[in-house]
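Trainee: What follows is a predicted structure for the sequence shown.
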Amino acid sequence: MEDGIKISVIIPVYNVEPYVERCLCSVLDQTYQNIEIIVVDDCGTDNSMQIVERVVAEHENGQKVIILSQEENRGLSAARNRGIHEAKGEYIWFMDSDDEIKLDCLEKIVAPVLKYGDFEMVIGDYYKIYESSNSRIDGPGLLLKSGQIVGQEEIMKTYFGTGWYCSAWNRLLKKEFLIKNNLYFYEGIIMEDYLWMFMLVIVLSKVYITNEAIYLYRQRAGSITKNVVTRKMQSLIVIYKIIKDYGRENRIFDFTLCVSYIERGKTLNLIELITSSVSVKEKKKWYKRIRQEDIFPKRKDYLFVFKYKKKKDVFLGMHYLCPPSIGFYYLYFLYPISKIYKFIGNVRKMR
């Protein structure tokens, strides 16, 4: 159906040859057809774009596809930003080119806007597909019931309380709102969604939750090499510095749940670093560098954050009360112990 609000679906494409046909066809076959599909060619080295061109030529809705070609590989952020600039729809929908959506996905996600009026964002739930086993399971996704969330403080409370997931995909976004608030993706880093979501959440005032799994997120396996760890840590330093500086300047950290969310996320990133295969020397270097972006200059100021945490998170989060040289070893030796503790707890539940 062509009635209703026009949606611009933005799909950056880079080296996704095994998946891109299913991705693109899942959008072309949608029950909601008032769409344009912006495929951004990010100069990959495989046959992804040849597949896109074939699908566009053969599919009955191929005329809805607009192909934009980057001059060189510039990454996911730049591809999405170009898509925003070129979009003609009132609303924007980001999609990763190795994922798929259910046939009525866009119909379901736009329904609240058509029924109740403008929302700055509508978010849906998703399934997670594991590439190794090709099995589909429900994602952690949304921990909220379907319905409206109104007011900045209430929206921040639900997000920083981990009421919904951190990604750019599977959410309908009003284009005018994105441009007005300069909500473009920071270029030159990975994990760009984390920073973008923070900047988005603190300005949202009207959101609708659709607690139905309509998006199929593909979890692909990848090896954690030293180069990957280095790039990820470099990106996290940029992200946490921007969040720290912006949060202090705009008094976002007066909202304690926000601090708890950010520092819990940082702890999880540091645990991923500590459990990676890089050398201990490399781990210590990055741990200390990340800790330089702690929100509070005084370690004792973190004490009031712990009351918002689960028991396990308090256990691991105590490294913030230590100087970085000691905090590293606290986390380095304590995390394996916490895994054993969790295992014992699971065994007890089975009895």
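Mentor: All right, it came through fine. These figures come from a predicted structure and were not determined experimentally. Numbers count the residues shown, from 1 in each chain.
Trainee: ok, residues contacting the helix or strand where residue 92 lies?
Mentor: Under the criterion of DSSP states H and E, residue 92 resides in strand 91-94. By CB atoms under 8 Å, 6 or more residues apart in numbering, the residues outside strand 91-94 that reach it are 5-10, 80, 83-84, 106, 109-110, 113, 168-169, 171-175, 178. In short, each C-beta sits where N, CA and C put it, glycine included.
Trainee: Show the buried residues in those residues.
Mentor: 5, 7-10, 80, 83-84, 106, 109-110, 113, 168-169, 171-175, 178 (16 or more other CB atoms under 10 Å).
Trainee: Okay, and which of the residues you listed map to helices?
Mentor: Among these, DSSP state H puts 80, 83, 84, 106, 109, 110, 113, 175, 178 in helices.
Trainee: The second one: what's it in contact with?
Mentor: The reference is to residue 83. Per CB under 8 Å, 6+ apart, neighbours of residue 83: 8, 10, 12, 38, 40, 68, 92, 94.
Trainee: Spatially nearest residue to it (excluding sequence neighbours)?
Mentor: Spatial nearest neighbour of residue 83, chain neighbours left out: residue 10 (3.4 Å); criterion: CB to CB, 6 or more residues apart in numbering.
Trainee: who's in contact with that neighbour?
Mentor: Per CB under 8 Å, 6+ apart, neighbours of residue 10: 38, 40, 80, 83, 84, 87, 92, 93, 94, 95.
Trainee: Also residue 203?
Mentor: The contact partners of residue 203, by CB under 8 Å, 6+ apart, come to 152, 181, 183.
Trainee: Spatially, what comes nearest to the first one if we skip its sequence neighbours?
Mentor: Think residue 152. residue 205 (5.4 Å).
Trainee: mind checking how far residue 11 is from residue 77?
Mentor: Distance of residue 11 to residue 77, given as CB to CB, to the nearest Å: 14 Å.
Trainee: Against residue 106, how distant is residue 51?
Mentor: 22 Å.
Trainee: What of residue 264?
Mentor: 33 Å.
Trainee: and what of residue 328?
Mentor: Counting by CB to CB, the gap from residue 328 to residue 106 is 47 Å.
Trainee: And residue 239, by the same measure?
Mentor: 30 Å.
Trainee: Kindly report the same for residue 278.
Mentor: The value you get for residue 278 to residue 106, if CB to CB is used, is 42 Å.
Trainee: Residue 181 now?
Mentor: 23 Å.
Trainee: Do you have the strands of the stretch 51-200 of the chain handy? List them.
Mentor: All strands of the stretch 51-200 of the chain, identified by DSSP state E, counting those that start in this stretch, fall at 65-69, 91-94, 100-101, 121-130, 135-138, 147-150, 171-174.
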